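How does the following fold in three dimensions:
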Amino acid sequence: MNIEAVKNKIVEGGLKFTHQRMVIYEAVSSTHNHPTAEWVFEQIKENNPSISLGTVYKTLDTFVNAQIIQKFVDNNGVMRFDAILEAHSHLYDKETNEIRDYQNKELETLIKGFFEKNKIKDFEVEDISVVIKGHNK
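Purely as a prediction, here's the structure:
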């Protein structure tokens, strides 16, 4: 993703564009392994020594609140971040704890259609996240 695209993403989220926000967003969006805040910090700290781990945590939370990225807790209770906001599933390797994106329009349509037909009483479904557990071969 180029700098202009990153800037647009941050500004569209209602945030001021800063160098720190740019490098943090680039780190999250350039990988598909659903990084932790610590991983993001490790990726950016060499070229950005003034950014602290606390800044990374605060910026990631700001991005989540601005709906620029999403966060979730993995099976080990670790907070992870994902720059893909469109409906998609995740493949979770139970041996390595690796999480990968899995996009399948047929599956997404099937699940969405199921909940449109089978409403849950007193509950509005806003988002559906499917985690498929197994192991890499």
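
Would you map out the domains in this protein?
3-82, 89-134 (automatic domain parsing).

Pull the distance from the longest one to the chain's centre.
Centre-to-centre, domain 3-82 and its host chain are 9 Å apart (CA atoms, centre = their mean, to the nearest Å).

in this structure, what spans have low per-residue confidence?
1 (pLDDT under 70).

Just the strands from it, written as ranges.
70-73, 79-82, 89-93, 99-102, 131-134 (DSSP state E).

Dump the ones you listed into TSV; add mean neighbour count and distance to Ala27 as well.
For every residue, glycine as well, the C-beta is placed using N, CA and C. Formatted as TSV, the strands of the chain follow (neighbours: other CB atoms under 10 Å; distance: least, CB to CB, whole Å):
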stretch	mean neighbour count	distance to Ala27
strand 70-73	13	14
strand 79-82	20	9
strand 89-93	17	19
strand 99-102	16	16
strand 131-134	11	23
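
For Leu53, find the nearest of those.
strand 79-82 (12.9 Å; CB to CB).

Spatially central residue for this protein, please.
The residue lying closest to the centre of the chain (CA atoms, centre = their mean) is Asp82, at 1.1 Å.

Bridged to it, which residues?
Beta-bridge pairing for Asp82 (DSSP bridges): Gln70.

so what's it up against?
Val28, His34, Ile69, Gln70, Lys71, Phe72, Asp101 (CB atoms under 8 Å, 6 or more residues apart in numbering).

Please identify which pair of the residues you listed lies farthest apart.
Within those, Lys71 and Asp101 form the most distant pair, 14.7 Å apart (CB to CB).

Give the burial count for Leu60, as a bare number.
When neighbours are counted by other CB atoms under 10 Å, Leu60 registers 24.

next one: Asn48
Around Asn48 there are 18 residues (other CB under 10 Å).

So it sits against Val23, correct?
Yes: here Asn48 reaches Val23: they are 5.6 Å apart, a contact under CB atoms under 8 Å.

quick one, what contacts the closest residue in space to Ile111 that isn't next to it in sequence?
In space, and not counting its chain neighbours, Ile111 is closest to Ile128: 5.5 Å by CB to CB, 6 or more residues apart in numbering. Listed by CB under 8 Å, 6+ apart, the contact partners of Ile128 are Ala87, Ile111, Lys112, Phe115.
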